[in-house]
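> Sequence first, predicted model second:
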Amino acid sequence: MTAAPAWRARARAVGQRVTAAARLRPGTGPHVPLPATSPWRARTSALRERVMASHRRYTRANGDALAGSLTYALLVGTAPAVLLAGSLAGRAGAGADGVRRTVDGLAAALLPAAAPAAGRLPTVAPHWRPLLVLALGWSVVRTTRALRTGIRAVCGQNAGSGNPVRDAARDLAGAAVLCLAGGAVAVVVAAGGPALTVPALWALFSAVLWLAPHRAPGRPRPAAIAGPALAAALACRLLALAADPYLAATAELHGDLYHRAGPLIGLLVWGSLCARALLRAASWAATANTPEGARS
């Protein structure tokens, strides 16, 4: 037998390389079966991918800083709210005890048990009430702005529309809606007690997650909101229950370090954790909009 010509050997080598490259490209070349993957392993992989995508969204948007901004806005609004409640309780006269009992019931259902009692509400002169109403309204607008900025950021959206007049009008409308929603939650919890705390917060967080984002890519679908909102509501309630023994055990230490502001410091830490839980829920709901394999 005579040896094959050199050109035929080179052509055979080129053909082998082309065939090997075709096998590496999907949709070309002969079918190469892949190893079978069990359904639970596929679901676990998809869940891990979504968890990592949600975490990347949260960290890319600086979620902890946004939660701190929301906590600060709530702190700023606490002073006029407490002073106004004390002023109204003083005006109620014989009904002041009823007002204080209502406030105590709301605090017991929504806040850690170590929160300051309503029986120590300060009283202010009546001529300060209009100023307190204005201060409370301004604080609610600030809280609304911090809330929508945080949720839009973790959803991958811009904080505003680029039109400051339109954004200011939307913030005012959002503040009004937030006041109505907060009032509804207060009425439900005051009437039903702590048993209705989680359902009331669930409804409130669902409304926030749906209304805060722009009607643009990144907004969570309605079907993807209920689960994260319920998880955030449960987290807030569990954090309130877990804060009770901690604040009780550290009351003396907080008193030595912060004096009369000790309970307020504990409430700030609790509020910051609740704000983080809500923003984490928003980032999780937003990942439902992205197909698997394309989440970022």
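Nice, I can see it. Numbering: from 1, shown residues only.
> mind listing the helices for the chain?
Here the chain has its helices, by DSSP state H, at 6-24, 39-60, 63-91, 96-110, 129-154, 164-192, 197-211, 226-249, 251-258, 262-286.
> how about the ones you listed in TSV, adding mean neighbour count?
Where C-beta positions appear, they are placed from N, C-alpha and C, glycine not excepted. Converted to TSV, the helices of the chain look like this (neighbours: other C-beta atoms under 10 Å):
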stretch	mean neighbour count
helix 6-24	10
helix 39-60	14
helix 63-91	18
helix 96-110	16
helix 129-154	20
helix 164-192	14
helix 197-211	19
helix 226-249	17
helix 251-258	12
helix 262-286	22
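> P220 is nearest to which of the ones you listed?
Of all the helices of the chain, helix 262-286 sits nearest to P220, with 3.7 Å by C-beta to C-beta.
> What helices and strands are in contact with the closest one?
For helix 262-286, the packing partners by 3 or more C-beta pairs under 8 Å, 6 or more residues apart in numbering; DSSP states H and E come out as helix 39-60, helix 63-91, helix 129-154, helix 197-211, helix 226-249, helix 251-258.
> Among those, which comes closest to V165?
Closest among these, using C-beta to C-beta: helix 129-154, at 14.5 Å.
> Determine the set of other helices and strands touching the closest one.
Helix 129-154 packs on helix 63-91, helix 164-192, helix 197-211, helix 262-286, going by 3+ C-beta pairs under 8 Å, 6+ apart.
> one step back: any chance of the helices and strands packed on helix 262-286 in a markdown table with distance to A288 as columns?
Formatted as a markdown table, those follow (distance: least, C-beta to C-beta, whole Å):
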| stretch | distance to A288 |
| --- | --- |
| helix 39-60 | 8 |
| helix 63-91 | 18 |
| helix 129-154 | 13 |
| helix 197-211 | 11 |
| helix 226-249 | 9 |
| helix 251-258 | 41 |
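> Lowest average pLDDT across those?
Sorting the helices and strands packed on helix 262-286 by mean pLDDT places helix 251-258 lowest, at a mean of 69.
> rewinding a little: who wins for proximity to A175 among the helices and strands packed on helix 262-286?
Going by C-beta to C-beta, the one of the helices and strands packed on helix 262-286 nearest A175 is helix 129-154, 4.5 Å.
> out of the helices of the chain, nearest to G218?
For the helices of the chain, the distance to G218 is smallest for helix 262-286, at 5.8 Å, taking C-beta to C-beta.
> what is the orientation angle of the closest one with helix 197-211?
50 degrees (axes from the mean of the first three to the mean of the last three C-alpha atoms, to 10 degrees).
> How far does helix 262-286 sit from its chain's centre?
7 Å (C-alpha atoms, centre = their mean, to the nearest Å).
> Show the average pLDDT along that helix.
The average pLDDT within helix 262-286 is 87.
> Quickly note the distance from V187 to R56.
39 Å (C-beta to C-beta, to the nearest Å).
> Could you do V14 as well?
Counting by C-beta to C-beta - V14 and R56 are separated by 44 Å.
> for L147, same thing?
Applying C-beta to C-beta to L147 and R56 gives a distance of 22 Å.
> could the helices of the chain go into CSV alongside distance to P220?
Output for these, formatted as CSV (distance: least, C-beta to C-beta, whole Å):
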stretch, distance to P220
helix 6-24, 38
helix 39-60, 11
helix 63-91, 16
helix 96-110, 25
helix 129-154, 9
helix 164-192, 17
helix 197-211, 6
helix 226-249, 8
helix 251-258, 38
helix 262-286, 4
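> For P217, find the nearest of those.
For P217, the closest of those is helix 262-286, at 9.9 Å, according to C-beta to C-beta.
> Just want the angle from the closest one to helix 63-91.
Going by the same axes, to 10 degrees, helix 262-286 makes 130 degrees with helix 63-91.
> how about the closest residue to W210 other than its chain neighbours, what does it touch?
Spatial nearest neighbour of W210, excluding adjacent residues (C-beta to C-beta, 6 or more residues apart in numbering): I225 at 5.7 Å. I225 makes contacts with 206, 209-210, 285, as judged by C-beta atoms under 8 Å, 6 or more residues apart in numbering.
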